[in-house]
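J.: what follows is a protein structure lacking sequence information:
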């Protein structure tokens with residue numbers, strides 16, 4: 001196989017993967033909206049619930065890094081989610097300047113409503129990732 005052919009094959013594989021990823025994201029957005037969440041709120045709740053370490057809480061700074069958003073944007077997103085009754089703040093015992101964010105029961109309910117409906121899509125995305133890794 002020529003170098004040019006290999007590059008074309010890599011581009012095709014990358015395009016197929018990006019298309020699968022976009023389908024997953026689009027479906028996630030639709031399901032989130034049906035569960036009464038904006039796509040941004042769904043991602044916020046998911047990142048809090050799925051925080052590293054399994055403690056189901058996060059800080060604004062941690063979320064800014066995981067969501068790849070400016071801290072001010074995350075602060076606004078958290079404030080709106082808090083006003084909607086989806087997130088609650090708890091002052092850190094170790095550092096009074098830090099607030100830990102947790103889901104409220106309503107936030108948990110809406111997140112899990114969306115999350116469980118995306119089981120098939122997560123499996124399809126895992127398959128797309130595995131296929132992409134095989135090709136490159």
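T.: Ah, there it is. If you're wondering where the values come from, they're calculated on a predicted model, not measured in any experiment.

J.: name the element the residue sitting nearest the centre point of the chain belongs to?
T.: Closest residue to the average C-alpha location of the chain: residue 43 at 3.9 Å, with CA atoms, centre = their mean. Applying DSSP states H and E as the criterion places residue 43 in helix 39-49.

J.: following that helix, which helix or strand shows up next?
T.: Once helix 39-49 ends, the next helix or strand along the chain (criterion: DSSP H and E) is helix 60-67.

J.: got any ranges where this protein has weak pLDDT?
T.: 1-3, 5, 136 (pLDDT under 70).

J.: for the residue nearest to the centre of the chain, which non-adjacent residue is closest in space?
T.: Leaving out its chain neighbours, the residue that sits closest to residue 43 by CB to CB, 6 or more residues apart in numbering is residue 67, at 6.3 Å. (C-beta placed from N, C-alpha, C; glycine too.)

J.: and the strands in the protein?
T.: Taking DSSP state E, the strands of the chain run over residues 87-91, 99-103.

J.: just give me the longest helix of this structure.
T.: The longest helix of the chain (DSSP state H) is helix 3-34.

J.: run the angle between that one and helix 39-49 for me.
T.: 90 degrees (axes from the mean of the first three to the mean of the last three CA atoms, to 10 degrees).

J.: for helix 3-34, which positions count as buried?
T.: For helix 3-34, the neighbour count (16 or more other CB atoms under 10 Å) marks 13, 17, 20, 24, 27-29, 31-32 as buried.

J.: in TSV, list the residues you listed along with distance to residue 52.
T.: Shown next, in TSV, are the buried residues of helix 3-34 (distance: CB to CB, whole Å):
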residue	distance to residue 52
13	30
17	25
20	25
24	22
27	25
28	21
29	24
31	24
32	22
